[in-house]
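*Asks:* Any chance you could fold what I've pasted below:
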Amino acid sequence: QVHLAESGGGLVQAGGSLSLSCTASGPTVCISALAWYRQAPGKTRELVAIVTTGGYTQYGDSVKGRITASRDAGGNKLDLQMDSVKPDDAATYYCNARVVVSIEATVEEWGQGTLVTVSS
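*Replies:* Numbers count the residues shown, from 1 in each chain. Here you go, the predicted model:
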């Protein structure tokens, strides 16, 4: 089973920068994509960024232009850098891995989440 360890987060000042990191362990060769999602109280979980093993990157509409996501050469780590942080960016951020378990099946693994609080 793939295990995801998140780091970063905490208290960030509005207008400042946020850095998050996710490190995968276990059968990481089976990971087809790593992603960051976030969920604020009372809201649905939304995509922040996803990077596939092939290098395709997609950002959520609410953060486009303010973030950069990058995977390391080994493909086991996903870093996220967000600039111009807004109060609406406050949420619990979750790391997500798409894991190929067979030719026809992919499962998702989730980290425990890291809380980001934004002070205005």
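
*Asks:* how about the closest residue to Ile31 other than its chain neighbours, secondary structure?
*Replies:* Of all residues not flanking Ile31 in the chain, Ala97 sits nearest, at 5.1 Å (C-beta to C-beta, 6 or more residues apart in numbering). Using the backbone N, CA and C atoms, a C-beta is placed for each residue, glycine as well. Taken by DSSP: H, G, I helix; E, B strand; the rest coil, the conformation at Ala97 corresponds to strand.

*Asks:* If the residue nearest to the spatial centre of the chain is in a bridge, with which residues?
*Replies:* Residue closest to the average C-alpha location in the chain (C-alpha atoms, centre = their mean): Trp36, at 1.7 Å. Counting by DSSP bridges, Trp36 is bridged to Ala49, Cys95.

*Asks:* Confirm for me that it is in contact with Arg45.
*Replies:* No - between Trp36 and Arg45 there is no contact under C-beta atoms under 8 Å: 10.8 Å.

*Asks:* Give me the common contacts of the two.
*Replies:* Shared contacts of Trp36 and Arg45 (C-beta atoms under 8 Å, 6 or more residues apart in numbering): Tyr94.

*Asks:* quick one on the thing from earlier: so who does the residue nearest to Ile31 touch?
*Replies:* Val2, Leu4, Ala24, Ile31, Ala33, Leu34, Ala35, Glu108, Glu109, Trp110.

*Asks:* Sweet, I'm off.
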